[in-house]
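*Asks:* predicted coordinates and the sequence they were generated for:
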Amino acid sequence: MTERGSDIFRMGSNYEGASEMFKTGDGEKESKIDIVLEREKRDIFSDAQTRFEKVLEERDMEQVRDFPGGEYPSLDEWVEFRVEHGRGTNFFPCFVRGKESGDISFMKVQISRSSKKVEALQYEYDIMTKARPGIGEPRALEFYQPEPGKENELAFLRMEAIPFEEGRVGLPEEWTVDHARDASSKIKSLENMDVSEEVKTLSRFDKFPEGVEVVIGRNLAKCEDNLRQAGIDVEKVRNIVSAEIRKVFVHGDFNLKNSIICKDGTIKEVDWELAGQGFLGQDAGKLFTELRTNKEAQQVFLQAYCYDESGELDEERKRSLFAGIIAENLTHLAYRVERLGDPQKVKYHEIFRKELPKYYQAIVQAIERFEGT
Amino acid sequence: MVKAYKPVSIQDPLTGKKVNLSPKYQDDLLERGIFLGPIRKKKTKEKKYDRKR
């Protein structure tokens, strides 16, 4: 289940289900679904497959279906798989090959009628090509939006594909200290970026138009009673998160699923659609939280982020990191606390109640580490 | 029902061992633009040498 809403930092999908990663078999499926009805509910073009084929034909390209030992789904097959497994269908991801060049690239293809989905693709392309994070992310190659009169086509974003032999998405335990150090270095690099005025005027750039402190404060207010009942000193939490926090460029969804851990010890970051102006410590706080079961990588990350190259403690980064960790956990808590009070969400209540302690624990540990660092 | 993904056994880039990738994980990798086969690089143009007749 993804967490969305105005008080959520648009942090994208929560990293759960890590244990699924290398399991064989098909995983859980929803009970029998009317695929046509589901496609309509998700506002997917009924002729998306045909439109996609037209897009490829006009560019003398083909979808790459085969790879050694396996097979990628067609657009219609992928939609069916996603619907069966309760997954989102924002864009059709696929690999395409130029018939003449043989070059393989990655495409995110519009399949929904929603103009917002096309805007998201355009925004991701603009961020990658105009802000140019330059931290080893794949290159964006092309964005296409059908002109008026070409309504039977689809918009798409095409970018460099990443070979599996370079790296993959990993479990927290698979992160090495090198990956943790590289992630810290790259997050700091993003935070230090000078962004052009052109990028600042992009409509999705400012992630906190109301103000960072307002959003964090609102989440804290939602969770205050629960935190007190859990024995947490709310004033200590408030002390860490209420100081003014500098706005910086962020990836916006720096979780484990968007981080490719490479065999050379570096990481590559993908999925830049939530990048923009966030707050110092935002990306670091999210990643630190997600590495919770790998204490060694967490510690190395913390050291690398909070101390500069000469070994001096950076007080601003230290406070911001812990504010980011607490803010991240408050986001998850607030989402669940709200729904625990919603009788229409009763089927999730038991799951949410079981999840609350890990967020309390993360906040307690963040306070202890902040005071001890 | 259409079967979208085949079970795949592949060498893991991090450990070098053969691992089985579940359909859900294949889907995760696809979503992030990670390709499970070789990506052919564009061939550079070969130099043409003058042949002495």
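*Replies:* That came through fine.

*Asks:* what is the neighbour count of residue B:28?
*Replies:* Residue B:28 has 19 neighbouring residues, counting by other CB atoms under 10 Å in any protein chain shown. C-beta: built from backbone N, CA, C; applies to glycine.

*Asks:* cool, the one 10 residues further on as well?
*Replies:* By other CB under 10 Å, 12 other residues sit near residue B:38.

*Asks:* and the gap between the residue lying closest to residue A:76 once chain neighbours are set aside and chain B?
*Replies:* Using CB to CB, 6 or more residues apart in numbering or on different chains and skipping the chain neighbours, the partner closest in space to residue A:76 is residue A:49 (4.8 Å). Separation of residue A:49 from chain B (CB to the nearest CB, to the nearest Å) stands at 12 Å.

*Asks:* what's residue A:215 sitting at in phi/psi?
*Replies:* Backbone torsions of residue A:215, given as degrees, to the nearest 10, read phi -70, psi -50.

*Asks:* any idea how far it is from residue A:332?
*Replies:* 14 Å (CB to CB, to the nearest Å).

*Asks:* closest residue of chain B to chain A?
*Replies:* Per CB to the nearest CB, residue B:37 is where chain B lies closest to chain A, at 3.1 Å.

*Asks:* is that residue in contact with residue A:71, as I believe?
*Replies:* No - with contact defined as CB atoms under 8 Å, residue B:37 does not count as touching residue A:71 (10.6 Å).

*Asks:* who has more neighbours out of these two?
*Replies:* Using other CB under 10 Å, the more surrounded residue of residue B:37 and residue A:71 is residue B:37, with 19 against 16.

*Asks:* pretty sure residue A:106 is in a strand, no?
*Replies:* Yes - under DSSP: H, G, I helix; E, B strand; the rest coil, residue A:106 falls within a strand.

*Asks:* let me see the contact set for it.
*Replies:* Contact partners of residue A:106, counting by CB atoms under 8 Å, 6 or more residues apart in numbering or on different chains, are A:93-96, A:138, A:158-162, B:33, B:35.

*Asks:* what sits against the nearest residue to it once chain neighbours are set aside?
*Replies:* Leaving out its chain neighbours, the residue that sits closest to residue A:106 by CB to CB, 6+ apart is residue B:33, at 3.7 Å. Contact partners of residue B:33, counting by CB under 8 Å, 6+ apart, are A:93, A:106, A:138, A:159-162, A:270.

*Asks:* related to what we said a few turns ago, and the residue of chain B closest to chain A, what does it touch?
*Replies:* Here residue B:37 is in contact with A:64, A:66-68, A:164 (CB under 8 Å, 6+ apart).

*Asks:* ditto for residue A:142
*Replies:* A:125, A:156-158.

*Asks:* all helices of the stretch 151-300 of chain A, in order?
*Replies:* Assigned by DSSP state H, counting those that start in this stretch, the helices in the stretch 151-300 of chain A fall at A:177-191, A:197-200, A:212-229, A:234-241, A:282-290, A:295-306.

*Asks:* and those helices: which comes nearest chain B?
*Replies:* Closest to chain B of those is helix A:177-191 (CB to the nearest CB; 9.9 Å).

*Asks:* same for the closest one, what does it pack against?
*Replies:* Judged by 3 or more CB pairs under 8 Å, 6 or more residues apart in numbering or on different chains; DSSP states H and E, helix A:177-191 is in contact with strand A:247-250, strand A:259-262, strand A:267-269, helix A:282-290, helix A:295-306.

*Asks:* are any of the contacts of residue B:37 buried, and if so which?
*Replies:* A:64, A:67, A:164 (16 or more other CB atoms under 10 Å in any protein chain shown).

*Asks:* quick one: the helices in chain B?
*Replies:* Along chain B, counting by DSSP state H, helices occupy B:23-31.

*Asks:* show me the shaky parts of it.
*Replies:* Applying pLDDT under 70 to chain B flags the ranges B:1-2, B:40-53.

*Asks:* 80 - rerun?
*Replies:* B:1-3, B:40-53 (pLDDT under 80).

*Asks:* up against chain A, what does it have?
*Replies:* B:1-2, B:4-14, B:19-42 (CB under 8 Å from any CB of the partner chain).

*Asks:* picking that back up, which of the helices and strands packed on helix A:177-191 is buried the deepest?
*Replies:* helix A:282-290 (a mean of 28; mean count of other CB atoms under 10 Å in any protein chain shown).

*Asks:* that one vs helix A:295-306, what angle?
*Replies:* Relative orientation of helix A:282-290 and helix A:295-306, computed by axes from the mean of the first three to the mean of the last three CA atoms, to 10 degrees: 160 degrees.

*Asks:* residues in contact with helix A:282-290: which ones?
*Replies:* Contacts for helix A:282-290 (CB under 8 Å, 6+ apart): A:9, A:11, A:15, A:172, A:183-184, A:187, A:190-191, A:248, A:250-256, A:259, A:298, A:301-302, A:305, A:317, A:320-329, A:362.

*Asks:* what's the answer for stretch A:54-64, then?
*Replies:* Taking CB under 8 Å, 6+ apart as the rule, stretch A:54-64 contacts A:52, A:72, A:74, A:94-100, A:104, A:109, A:144, A:152-154, A:156, B:35, B:37.

*Asks:* redo that, cut-off 7 Å
*Replies:* Stretch A:54-64 is contacted by residues A:72, A:94-100, A:104, A:152-154, A:156 when judged by CB atoms under 7 Å, 6 or more residues apart in numbering or on different chains.

*Asks:* now for these: which two are most distant?
*Replies:* A:104 and A:152 (25.9 Å; CB to CB).

*Asks:* how close does residue A:218 sit to residue B:23?
*Replies:* Taken as CB to CB, the span from residue A:218 to residue B:23 is 39 Å.

*Asks:* neighbour-wise, which of these two wins?
*Replies:* Using other CB under 10 Å as the criterion, residue A:218 and residue B:23 rank with residue B:23 on top: 22 against 15.

*Asks:* my read: the more buried one touches residue B:6, true?
*Replies:* No - in this structure, residue B:23 is not within contact of residue B:6 by CB atoms under 7 Å, at 8.2 Å.
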